[in-house]
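**Q** Output the structure for:
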Amino acid sequence: MNEAVQEAKLLRQVNALIVAHLRSQNLGQAAAAVAAATMTPISAAESVPANQLLRLVAKGLAAEGGGGAASAFDSAGFGGAVQPLGSSAVDFSMQDVKGSSKSFPKHEAKHVSDHKNAARCAKFSPDGKYFATGSADTSIKFFEVAKIKQTMVGDSKDGPARPVIRTFYDHTQAINDLDFHPESPILISAAKDNTIKFFDFSKTNARKAFRVIQDTHNVRSVCFHPCGDYLLAGTDHPVAHLYDINTFTCYLSANAQDSSSPINQVRYSCTGSLYVTASKDGSLRIWDGVSAECVRPIIGAHGSAEATSAIFTRDERFLCQVMGSWHWTTCEAICRSHSQTISLSGCLQ
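**A** Sure thing, here's the model as predicted:
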């Protein structure tokens, strides 16, 4: 695993060097194309020292015994004398930029709390301070991440930490999905009792929902629009339900496509310009977030198996779903992996 991480980091550095070199040669369009194709942040290329790629190529050629390339590089005015490479790995002299991937941390499983039945969903708040779990026992447990960390280091001077700071009880059937409002202290839940419920977690004594949307179908999935004014619901109805959270008005797409299958999951892209529906009939559909028109259907993405989940990458170029990844503009499968159902949530880096 460590070798794979190091190789991935090396590839990111090489891509940044190439983009930086093209920019230095005033080949802006080519640099932009390479950056887009390799998902290299421009900020990473901007942090590369001038002529760094040429300098490293010269070092490599010199290490192979040529020496001439290094002399030519020096005489061209690109830098001082080039020292031969040692046996250690190439040092690109690049610092990690904000947003770059880091090494995988070591994970340790720790028991925190129990539901009385299966935990069906979990969600972190946007700021990472809280997360919630929804269960088939109809309850929602609300956790504070800082208190979970306290349990990892033992009891504090104030006694044992209690990471479950609240439990919400207001559904009559199993909970299917959860989501946090992008700005306000609001948690929403979707359940088999055909409701979407709003909980204000800023009120320490609140245990019940302060607002309820009564849908007509089993609500399988919910997702807030990034602006926070709308939410999308996937239900046993084949068309996603869009709600204005201020008026609770429900909107349905007039461009519903030929689908009669329940929707397992709905997810907005990070900008809200697109959303995706994953259906029991195995189809994925990408929709325009403004007009609600289907811009790309992917029929039979799993063959005869149902599509249980789908999510956009942060740059909105790819769509990740249970059995692999798709380039959503070309509908080409990039990779396939798992053979069992896996639930994905959130946006990928």
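
**Q** next SSE after the top helix by length along the chain?
**A** Secondary structure of the chain per DSSP state H: the longest helix is helix 2-24. As assigned by DSSP states H and E, the chain's next helix or strand after helix 2-24 is helix 28-38.

**Q** Tell me the buried residues in the longest helix of the chain?
**A** Residues of helix 2-24 classed as buried: 9, 12-24 (neighbour count, 16 or more other Cβ atoms under 10 Å). Yep, even glycine has a C-beta here, placed from its N, CA and C like the rest.

**Q** Stretch 129-142 now?
**A** Under 16+ other Cβ under 10 Å, the buried positions of stretch 129-142 are 130-142.

**Q** for stretch 114-126, same thing?
**A** Result for stretch 114-126 [16+ other Cβ under 10 Å]: buried residues 115, 119-125.

**Q** export that stretch as PDB, just CAs?
**A** In PDB, the C-alpha atoms belonging to stretch 114-126 read as follows (Å, rounded to 0.1, in the frame of the first residue of the first chain):
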ATOM      1  CA  ASP A 114     -25.100   1.100  19.600                       C
ATOM      2  CA  HIS A 115     -28.400   1.200  17.800                       C
ATOM      3  CA  LYS A 116     -31.000  -1.300  18.600                       C
ATOM      4  CA  ASN A 117     -31.100  -2.400  15.000                       C
ATOM      5  CA  ALA A 118     -29.000  -2.000  11.900                       C
ATOM      6  CA  ALA A 119     -27.400   1.300  11.200                       C
ATOM      7  CA  ARG A 120     -28.500   2.100   7.700                       C
ATOM      8  CA  CYS A 121     -26.800   5.400   6.900                       C
ATOM      9  CA  ALA A 122     -24.200   7.900   8.300                       C
ATOM     10  CA  LYS A 123     -23.200  11.400   7.400                       C
ATOM     11  CA  PHE A 124     -20.600  14.000   8.500                       C
ATOM     12  CA  SER A 125     -21.500  17.700   8.800                       C
ATOM     13  CA  PRO A 126     -19.800  20.000   6.300                       C
END
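
**Q** could you give the mean pLDDT of it?
**A** For stretch 114-126, mean pLDDT rounds to 91.

**Q** give the contact list for residue 274.
**A** For residue 274, the contact set (Cβ atoms under 8 Å, 6 or more residues apart in numbering) comprises 268, 286-289, 295, 312, 316.

**Q** try 7 Å
**A** Contacts for residue 274 (Cβ atoms under 7 Å, 6 or more residues apart in numbering) come out as 286-289, 312, 316.

**Q** taking the buried residues of stretch 114-126 one by one, which sit in helices?
**A** Using DSSP H, none of these sit in helices.

**Q** quick one, what contacts residue 210?
**A** With Cβ under 7 Å, 6+ apart, residue 210 has these contacts: 198, 200.

**Q** try residue 208
**A** residue 170.

**Q** what about it, which SS state?
**A** The three-state label given to residue 208 by DSSP: H, G, I helix; E, B strand; the rest coil is coil.

**Q** Numbering from 643 from now on, please.
**A** Sure, I'll start counting at 643 from here, so that last one is residue 850.

**Q** So residue 884 sits against residue 893, correct?
**A** Yes: look at residue 884 against residue 893 with Cβ atoms under 7 Å: they come within range, at 4.3 Å.

**Q** Which one of the two is surrounded by more residues?
**A** residue 884 (20 against 14; other Cβ atoms under 10 Å).

**Q** pLDDT at that one, what is it?
**A** Value for residue 884, per-residue pLDDT: 96.

**Q** what about it, distance to residue 954?
**A** 17 Å (Cβ to Cβ, to the nearest Å).

**Q** and the longest helix of the chain, what does it pack onto?
**A** Helices and strands touching helix 644-666, by 3 or more Cβ pairs under 7 Å, 6 or more residues apart in numbering; DSSP states H and E, are helix 670-680, helix 684-688, helix 694-705.

**Q** Give me whichever of these is most buried.
**A** helix 694-705 (a mean of 19; mean count of other Cβ atoms under 10 Å).

**Q** Send me it as PDB with only the CA atoms.
**A** C-alpha atoms of helix 694-705 as PDB (Å, rounded to 0.1, in the frame of the first residue of the first chain):
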ATOM      1  CA  GLN A 694      12.700  22.600 -12.700                       C
ATOM      2  CA  LEU A 695      11.800  20.000 -15.300                       C
ATOM      3  CA  LEU A 696      14.800  20.800 -17.500                       C
ATOM      4  CA  ARG A 697      17.000  20.800 -14.500                       C
ATOM      5  CA  LEU A 698      15.800  17.300 -13.400                       C
ATOM      6  CA  VAL A 699      16.100  15.900 -17.000                       C
ATOM      7  CA  ALA A 700      19.700  17.200 -17.100                       C
ATOM      8  CA  LYS A 701      20.400  15.500 -13.800                       C
ATOM      9  CA  GLY A 702      19.000  12.200 -15.000                       C
ATOM     10  CA  LEU A 703      21.000  12.300 -18.200                       C
ATOM     11  CA  ALA A 704      24.100  13.200 -16.300                       C
ATOM     12  CA  ALA A 705      23.500  10.300 -13.900                       C
END
